[in-house]
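K.L.:
fold the following.
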Amino acid sequence: MNLLLLALAGTSLPLPAMDGTRLLPGTACYALMAGDRKLGTTVQSITASREGDRPVWDIVVHQRLTGGAFDMRDHFVLDRTTLRPLRMDSRRGTDRNARGWHRVALVYDHDRITGTRETAAGISAINVPLEGPVWDGNLWGITFAALPLRAGGRYALPYWTYDKGFGTFIVRVIGKETVATPAGSKAAWIVEAGSDPTRLMRYTIARRPRQEIGYAAGTNGQWLDLPTACPAD
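P.N.:
Modelled structure (predicted):
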C-alpha cells in the first residue's frame with residue numbers, strides 16, 4: 001500500500017486534505033463528445049443525506065450512449081467531508097448476455113471492502129483487506145473537485161476499483177481560466193488527472209463552489225450541457 005502514496009516523479013506526497021463540502025449539490029447534465037459529435041449524455045446528481053449520525057453525499061452518475069449501445073449507472077454513498085466511500089453499487093446494461101453487463105454491490109469498512117460482482121459468468125464474492133484509506137476509483141471529476149486545489153498544486157490519492165484493484169490518482173493543477181458554461185461564465189481550475197502519468201486527462205473544475213465543468217481526453221470528452229438535454233435518471 002505504500003506504493004499508493006508515491007507521487008509524481010517518485011516524490012512522496014502526503015494524503016491531501018479532502019473536503020467534500022466544497023462540492024456543489026444538485027443535478028447536472030453533460031454531453032459526451034467525440035470531436036464535434038455528441039455520442040450521449042451523463043446525468044450527475046449530488047444529494048445531501050445522512051447515514052445514522054454521519055452526513056454523506058448520495059451521488060449518482062448515469063452514462064448513456066445514444067441508441068442504447070451503452071448504459072451504466074453508478075451510485076455512491078460517501079462521507080460528506082472526506083469523500084471516503086461507504087457504499088457503491090453499479091449497474092451496466094440490461095441484457096445479461098451482452099458484453100460488459102454487470103451488477104456490483106460494495107461496502108467499504110475501515111479495514112476491508114466486501115461485496116459481490118455479478119456478470120454473465122456468475123456471481124463472485126469481493127473481500128479485499130485494506131491497510132490504509134482509499135477512495136473509489138470509479139468516481140473521477142467529483143473526487144478531484146474535493147481536493148485542496150491551488151495554483152501549482154500536485155496530489156496523489158490512493159483508490160480501489162472493482163475491476164482493476166488498487167491504484168493512485170495523480171492530479172496536478174496547471175492553470176486557471178474563465179470558461180463559458182450553459183449557466184454563464186465560471187472561474188475554473190485547469191487540472192491534469194488520471195491513473196497513468198503518461199496519459200492524464202484534462203479536467204476543468206469550477207473554483208467556487210466546486211463543480212466538474214468537463215474533461216478532455218484527446219478529441220473526446222464530456223462537458224456541461226443544458227439540463228433539458230439529458231433524460232431523467
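
K.L.:
how far does stretch 26-37 sit from the chain's center?
P.N.:
Offset of stretch 26-37 from its chain centre (CA atoms, centre = their mean, to the nearest Å): 15 Å.

K.L.:
so for that stretch, what gets flagged as buried?
P.N.:
28-33 (16 or more other CB atoms under 10 Å). Where C-beta positions appear, they are placed from N, C-alpha and C, glycine not excepted.

K.L.:
residues contacting the spatially most central residue of the chain?
P.N.:
Nearest to the mean C-alpha position of the chain, by CA atoms, centre = their mean, lies residue 139 at 1.8 Å. By CB atoms under 8 Å, 6 or more residues apart in numbering, residue 139 lies in contact with 59, 61, 74, 76, 78.

K.L.:
6 Å instead, please
P.N.:
Listed by CB atoms under 6 Å, 6 or more residues apart in numbering, the contact set of residue 139 reads residue 76.

K.L.:
nearest to residue 68, of the buried residues of stretch 26-37?
P.N.:
residue 32 (13.8 Å; CB to CB).

K.L.:
tell me which element that closest one is part of?
P.N.:
strand 26-34 (DSSP states H and E).

K.L.:
note down every partner strand of that strand and its orientation.
P.N.:
If you go by DSSP bridges, strand 26-34 pairs up with strand 37-51 (antiparallel), strand 220-224 (antiparallel).

K.L.:
which phi and psi does residue 96 have?
P.N.:
When read as degrees, to the nearest 10, the backbone of residue 96 gives phi -60, psi -30.

K.L.:
circling back to that earlier point, please identify the deepest-packed of the strands paired with strand 26-34.
P.N.:
With neighbours defined as mean count of other CB atoms under 10 Å, the strands paired with strand 26-34 peak in mean count at strand 220-224, which reaches a mean of 20.

K.L.:
hey, C-alpha coordinates of it in CSV?
P.N.:
Extracted C-alpha coordinates of strand 220-224, given in CSV (Å, rounded to 0.1, in the frame of the first residue of the first chain):
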residue,chain,number,x,y,z
ASN,A,220,-13.1,13.1,-26.8
GLY,A,221,-14.6,14.4,-23.6
GLN,A,222,-17.6,15.4,-21.5
TRP,A,223,-18.9,18.9,-21.0
LEU,A,224,-21.8,20.6,-19.1
